[in-house]
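kindly return the folded structure for what I paste below:
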Amino acid sequence: MNNIDILWIHNFLSIKYNKGETPERDEDANREYANWKDLYATVKDQQNTSTEVLEDIEGKVRDMEKVRDVEQFSFYLLQAIPLLDEYKNLQKKQQKIYFMSPKSPREDDPEGGGQSSNRDKMAVLLKTYFNLVQTYFPEEYKQNDWDKMRVIIDLPQTEPKSARVKCQVCNSDFSHFIIHDNHFVCETCGCVSTTTHSSVSYKDIDRVNISSKYTYDRRTHFRDTINQFQGKQNASISKIVYEQLIQQFVSHGIVPEDYSSLTRDEAFDKVTKEHILLFLREIKQSKHYEDVVLIHHQMTGKPAPDISYLENVLLSDFDILVETYDKKFKNSERKNFINTQYVLFQLLRRHRYPCKKEDFNMLKTVDRKYFHDTICSELFAEIGWSFTALF
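Sure, this is the predicted structure:
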């Protein structure tokens, strides 16, 4: 099961079918497409039809089918995103090691992240995803032998129709929907839906109109950064890391030597996130730089920041920033987006959320600091947002 990478399949479909923003489709466009197809079917077997005319008609039909492919990809994407997010979470999930506790989760304990439970969840998720792909891309599914992957994980072949978007009022399938301003409109009965899938959130719907194959990964990375700032990430931090940090804190007078006889509030009252970041570097545990907030919360018991009420607006701002960046620097040799920790800090300041730059694992060198301030100031100016240089 671990050899099956549905992210690769998703990227393959994205590169091939995601050609830009979802087009606005109406009844006239549907009627025009049907007329061109009928015309092509009528003239292709007629002996007196010139090759040039036939090629022109065929080209017109092909162009209109490309538009339909983009639209179909949008419907696929809405249902695929929550599955891909869950897939990545299950990949990252390992047995949790509880701080200062000898207990570890049982294999069959779903609350403890048991491996057996994870395997079951992964099997169900893969089955759902393959059904989705088979529904919207049956030719790709067949040509690429993706059905063989299902055999590897012992997933039964099922009818994929249940994966299709359906109208809640008249039960029409996705071919009767148009997408307008991130809403679904049923052409049959006029029902307007913000979402057509129970597990799709506002943040997922907003991802449909994407401009490049990099947008999904960027947005996912930014959402990970938001979670890390709140200590909500699914991270496995060894008990040894905490023990080594405590040794450093004791030796530097930050934590008293008799800390084990004190309450957690008393023992770790002076420990700050800056201390944790500094000594993670000292004990050569740089891989946990992004876990500073989580470590601080678990060690001291002090609450982590809560910006859940800002998540939607931050993601919306991020989309605007990415779109502006791609337009402004699309001809640049620079491929990577700017540091997401830096972006989160600037966007939080934009919304007047109190935070310090020391709370973020951002930029190390003077050149990179200057570069990010320069790039971000240009982007904010173009969008019309106020900007304050960080360095």
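
going forward, measure contacts between C-alpha atoms and count neighbours the same way
Fine.

need the strands for this structure, in chain order.
Counting by DSSP state E, one finds strands in the chain at the ranges 177-180, 183-186, 192-193.

and residue 261, how far is that from residue 255?
12 Å (CA to CA, to the nearest Å).

neighbour-wise, which of the two wins?
A direct count of neighbours by other CA atoms under 10 Å for residue 261 and residue 255 places residue 255 higher, at 19 against 10.

what number of residues lie near residue 291?
By other CA under 10 Å, 24 other residues sit near residue 291.

kindly state the pLDDT recorded for the closest residue to it other than its chain neighbours?
The shortest distance from residue 291 to any non-neighbouring residue, by CA to CA, 6 or more residues apart in numbering, is to residue 228 (6.4 Å). pLDDT, residue 228: 91.

what ranges do the helices span in the stretch 201-350 of the chain?
All helices of the stretch 201-350 of the chain, identified by DSSP state H, counting those that start in this stretch, fall at 202-205, 215-229, 239-251, 264-267, 273-282, 292-300, 311-328, 340-350.

ranking the strands of the chain by mean pLDDT, which is last?
Taking the mean pLDDT of the strands of the chain, strand 177-180 comes last: a mean of 53.

just give the nearest non-adjacent residue to residue 76, would you?
residue 136 (6.5 Å).

no wait, residue 377
Of all residues not flanking residue 377 in the chain, residue 387 sits nearest, at 6.0 Å (CA to CA, 6+ apart).

now residue 221
Among residues not flanking residue 221 along the chain, residue 340 sits closest, at 7.5 Å (CA to CA, 6+ apart).

do the same with residue 279
Closest to residue 279 by CA to CA, 6+ apart is residue 245, at 6.5 Å.

quick one, what contacts the residue nearest to residue 76?
Residue 136 makes contacts with 72-73, 76, as judged by CA atoms under 8 Å, 6 or more residues apart in numbering.

tell me the one among the residues you listed nearest to residue 374.
When the contacts of residue 136 are compared for distance to residue 374 (CA to CA), residue 73 comes out closest, at 36.2 Å.

and residue 383, how many residues sit next to it?
12.

list the contacts of it.
Residue 383 neighbours (CA under 8 Å, 6+ apart): 321, 324.

can you list the domains in the chain?
Domain ranges of the chain: 6-162, 231-300, 308-383, per automatic domain parsing.

quick one: terminal-to-terminal distance for the last one?
Translated: domain 308-383. Domain 308-383: ends 24 Å apart by CA to CA.

surely residue 250 and residue 256 touch.
Yes. Assessed by CA atoms under 8 Å, residue 250 is found in contact with residue 256 at 5.9 Å.

higher neighbour count, those two?
residue 256 (18 against 15).

just for this protein, where's the confidence low?
Confidence mapping of the chain against pLDDT under 70 gives the ranges 1-4, 18-71, 93-116, 145, 147-166, 168-169, 172-216, 330-336.

mind redoing it with 50?
Filtered on pLDDT under 50, the chain yields the residue ranges 1-2, 21-26, 94-105, 107-108, 110-112, 151, 154-163, 180-182, 195-213.

number of nearby residues for residue 73?
22.

that one reaches residue 16, doesn't it?
No. Look at residue 73 against residue 16 with CA under 8 Å: they stay out of range, at 9.7 Å.

buried ones in stretch 252-268, by neighbour count?
254-256, 267-268 (16 or more other CA atoms under 10 Å).

give me the neighbour count for the closest residue to residue 272 other than its chain neighbours.
Nearest residue to residue 272 in three dimensions, chain neighbours excluded: residue 296, at 7.1 Å (CA to CA, 6+ apart). A count of nearby residues for residue 296, using other CA under 10 Å, gives 22.

my read: residue 296 touches residue 276, true?
Yes. With contact defined as CA under 8 Å, residue 296 counts as touching residue 276 (7.2 Å).

how about stretch 342-349 as PDB, C-alpha atoms only?
Extracted C-alpha coordinates of stretch 342-349, given in PDB (Å, rounded to 0.1, in the frame of the first residue of the first chain):
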ATOM      1  CA  TYR A 342       7.600  35.400   6.400                       C
ATOM      2  CA  VAL A 343       4.300  35.600   4.500                       C
ATOM      3  CA  LEU A 344       2.200  34.500   7.500                       C
ATOM      4  CA  PHE A 345       3.900  37.100   9.700                       C
ATOM      5  CA  GLN A 346       3.200  39.900   7.200                       C
ATOM      6  CA  LEU A 347      -0.400  38.800   6.700                       C
ATOM      7  CA  LEU A 348      -1.000  38.600  10.500                       C
ATOM      8  CA  ARG A 349       0.400  42.100  10.900                       C
END
